[in-house]
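coords below, sequence missing:
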């Protein structure tokens, strides 16, 4: 199977004294539903920022679709859904403006139908509910039909019905693409992940869902 | 007839005022969406220091201050990018530094303070032909930047990470528009005065943000409100013989209050 993401001996620190990520190595293969978990401050979102080139590692290498990150240019292959709280609340654009900026009307039609966005098109993004915003961010990431979808905490702050809908959508779209999700929702992770990267332990580990239950206590420091 | 004559007398000032208001309305939306509404005050007070130095050195105050503020704007963006201090703190420092510099320089030479302090209130009537040309030049650069970079700006203001993934140089966009904001603020000092120049940038865009239904509408409404305020403000100032800058900004405030009430009424009606 093709390695979509390959991380080799990755080290990153915000301050010189405290390495947040140290000597981390793992691979994500084509078609996987790969989840990243760990307690707050374990470096989950930082890892995504490193994978996407927003931060520079202190040491180690990252490969995307076989190419080293610095050489990688095919960003259209990657769809990214940031945490929805990172959108500026004074931003006045509508859902329609957002989608039109990504692609022409004919190309976004399927995403609008797939995510039931028909009634939201004329509305301003910042005035939508959390669940609606999440669906729009997902639509933006999907419009260009990426091979790899990366999501940062897609379930945070959403009610159970919206969570179920987003989970269903992610299941559907993961059938023909690789998905990497950072999540605090352990139930979601257990139900969907093909493999799980556990950050924040003395030794970061990649485990299968059936082994995940055994290390949750250790991971979150529960007794 | 007196009114028409008076209008002919202030023709250059009105034209400069319209150009500056229009470009300030555009950069104002950018600043507000980036939560940098304090930048207007920070840069205008920094410019005050630049104006003082220009007078001390016997240089053209408008041209020198444009270059001075261009440097200040780039430095500001660099410090904000470094994220070592919050933006508000950085802007407050520049605000204080500029004012202190102007106060010290104005005491260095005789009669210097009269020239420097005339910039506190500004005047449409005092705009020269050369300053009109400079205003036209800055307006054209600003309009061109917004026209060419509109889509990139759209994504940078929505979410910088998504913008970066789309291959947009977010650093370049932020430097460019902060630089343009700085240059427009300098020009608004001549028309509105240092004390009111930040209003030229902030008020129409704040009003537009309240009532606009889309990203594009926000820029359009901000521009329309700015133009209306300048035109009506000049007419009112000529009729009632009051300073135009005060009348213009008073109208901008009035438009904001009216739109705020309209917005509140609509929100209440929806409940």
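Okay, I see it. Worth saying up front: this structure is predicted, and the values here are computed from it rather than measured.

count the neighbours of whatever residue of chain A ends up closest to chain B for me.
At 3.7 Å from chain B, residue A:93 is the closest residue in chain A, using CB to the nearest CB. No exception for glycine: its C-beta is placed from N, CA and C like everyone else's. Using other CB atoms under 10 Å in any protein chain shown, residue A:93 has 23 neighbouring residues.

can you report how many residues lie near residue A:60?
Residue neighbour count, defined by other CB under 10 Å, stands at 17 for residue A:60.

which one is it nearest to, not counting chain neighbours?
What sits nearest to residue A:60 in space, not counting adjacent residues and going by CB to CB, 6 or more residues apart in numbering or on different chains, is residue A:10, at 3.6 Å.

the residue of chain A closest to chain B and residue B:158 touch, don't they?
Yes. Residue A:93 is in contact with residue B:158 according to CB atoms under 8 Å; the separation is 6.5 Å.

what touches both of the two?
Counting by CB atoms under 8 Å, 6 or more residues apart in numbering or on different chains, the contacts common to residue A:93 and residue B:158 are residue A:125.

how far is the helix or strand harbouring residue A:80 from where the chain is centred?
Assigning secondary structure by DSSP states H and E places residue A:80 in strand A:78-81. Mean C-alpha position of strand A:78-81 versus that of the full chain (CA atoms, centre = their mean, to the nearest Å) differs by 7 Å.

so for it, mean pLDDT?
In this model, strand A:78-81 has a mean pLDDT of 92.

who does that strand pair up with?
strand A:148-152 (parallel) (DSSP bridges).

downstream of the partner strand, the next helix or strand is which one?
Counting by DSSP H and E, the next helix or strand C-terminal to strand A:148-152 is helix A:160-173.

elements contacting that following helix?
helix A:130-142, strand A:178-182, helix A:186-192 (3 or more CB pairs under 8 Å, 6 or more residues apart in numbering or on different chains; DSSP states H and E).

any idea which of the ones you listed is most buried?
Across the helices and strands packed on helix A:160-173, averaging neighbours per residue (mean count of other CB atoms under 10 Å in any protein chain shown) puts strand A:178-182 on top, at a mean of 24.

let me know the average pLDDT across that one.
pLDDT averaged over strand A:178-182 gives 94.

compute the inter-axis angle for it and strand A:148-152.
Put simply, strand A:178-182 runs at 10 degrees to strand A:148-152, going by axes from the mean of the first three to the mean of the last three CA atoms, to 10 degrees.

same for strand A:178-182, what does it pack against?
Counting contacts by 3+ CB pairs under 8 Å, 6+ apart, strand A:178-182 packs against strand A:19-29, strand A:33-37, helix A:44-51, strand A:148-152, helix A:160-173, helix A:186-192.

turn these into a markdown table, including distance to residue A:202 and mean pLDDT.
Below are the helices and strands packed on strand A:178-182 laid out as a markdown table (distance: least, CB to CB, whole Å; pLDDT from 0 to 100):
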| stretch | distance to residue A:202 | mean pLDDT |
| --- | --- | --- |
| strand A:19-29 | 10 | 88 |
| strand A:33-37 | 16 | 93 |
| helix A:44-51 | 17 | 92 |
| strand A:148-152 | 25 | 94 |
| helix A:160-173 | 31 | 86 |
| helix A:186-192 | 20 | 88 |
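
identify the bridge partners of the residue sitting nearest the centre point of chain A.
For chain A, the residue nearest the mean C-alpha position is residue A:151 (1.8 Å; CA atoms, centre = their mean). Beta bridges link residue A:151 to residue A:81, residue A:181 when assigned by DSSP bridges.

as TSV, the helices and strands packed on strand A:178-182 with distance to residue B:236 would be great.
Formatted as TSV, these follow (distance: least, CB to CB, whole Å):
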stretch	distance to residue B:236
strand A:19-29	59
strand A:33-37	61
helix A:44-51	53
strand A:148-152	52
helix A:160-173	52
helix A:186-192	61
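
pick the most deeply packed of the ones you listed.
Highest mean neighbour count among these (mean count of other CB under 10 Å): strand A:33-37, with a mean of 25.

quick check: angle from that one to strand A:178-182?
Using the same axes, to 10 degrees: strand A:33-37 against strand A:178-182 is 10 degrees.

what about the closest residue in space to residue B:72 that isn't next to it in sequence, is that helix, strand or coil?
Distance criterion CB to CB, 6+ apart; nearest residue to residue B:72, sequence neighbours excluded, is residue B:46 at 4.7 Å. With DSSP: H, G, I helix; E, B strand; the rest coil as the basis, residue B:46 sits in helix.

residue B:46: what's it in contact with?
Residue B:46 neighbours (CB under 8 Å, 6+ apart): B:68-69, B:72, B:94-95, B:97-98.

separate out the buried members of the residues you listed.
Listed as buried from these are B:68-69, B:72, B:94-95, B:98; burial here means 16 or more other CB atoms under 10 Å in any protein chain shown.

which elements pack onto the helix or strand containing residue B:260?
Assigned by DSSP H and E, residue B:260 falls within helix B:244-270. If contacts are counted by 3+ CB pairs under 8 Å, 6+ apart, helix B:244-270 sits against helix B:11-33, helix B:170-192, helix B:194-211, helix B:215-240.

and it with helix B:215-240, angle?
Between the axes of helix B:244-270 and helix B:215-240, defined by the same axes, to 10 degrees, the angle is 130 degrees.

pLDDT on helix B:244-270, on average?
Helix B:244-270 shows a mean pLDDT of 90.

rewinding a little: sheet-wise, list the partners of the host helix or strand of the residue nearest to residue A:60 with their directions.
Secondary structure from DSSP H and E places residue A:10 in strand A:3-13. In the sheet, strand A:3-13 lines up against strand A:19-29 (antiparallel), strand A:59-64 (antiparallel) (DSSP bridges).

how about the helix or strand hosting residue B:68: buried residues?
In the assignment (DSSP H and E), residue B:68 maps to helix B:61-82. For helix B:61-82, the neighbour count (16+ other CB under 10 Å) marks B:61-62, B:64-66, B:68-70, B:72-73, B:76-77, B:79-80 as buried.

same question for stretch A:71-81.
Neighbour counts over stretch A:71-81 (16+ other CB under 10 Å) mark A:72, A:75, A:77-81 as buried.

spell out which parts of chain B neighbour chain A.
Within chain B, the positions adjacent to chain A are B:32-35, B:151, B:154-155, B:157-159, B:161-162, B:164-167, B:209, B:212-218 by CB under 8 Å from any CB of the partner chain.

PyMOL command to pick out the buried ones of those?
In PyMOL syntax, the buried subset of the residues of chain B next to chain A is picked out as below (16+ other CB under 10 Å):
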select buried, chain B and resi 32+33+34+154+155+157+158+159+161+162+164+165+166+209+212+214+215+217+218
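
list the contacts of the helix holding residue B:68.
With CB under 8 Å, 6+ apart as the criterion, helix B:61-82 contacts B:39, B:42-43, B:46-47, B:49-51, B:53-55, B:57, B:85, B:87, B:90-91, B:94, B:98, B:119, B:130-131, B:134, B:138, B:171, B:174-175, B:178-179, B:181-183, B:185-187, B:189-190.

could you do stretch A:98-113 as well?
Residues outside stretch A:98-113 that contact it (CB under 8 Å, 6+ apart): A:117-118, A:121, A:125, A:136, A:139-140, A:142-144, B:151, B:154-155, B:158.

any idea of the mean pLDDT for it?
Rounded mean pLDDT across stretch A:98-113 is 81.

what's the end-to-end length of that stretch?
16 Å (CA to CA, to the nearest Å).

could you list the buried residues of it?
Neighbour counts over stretch A:98-113 (16+ other CB under 10 Å) mark A:98-99, A:101-102, A:108, A:111-112 as buried.
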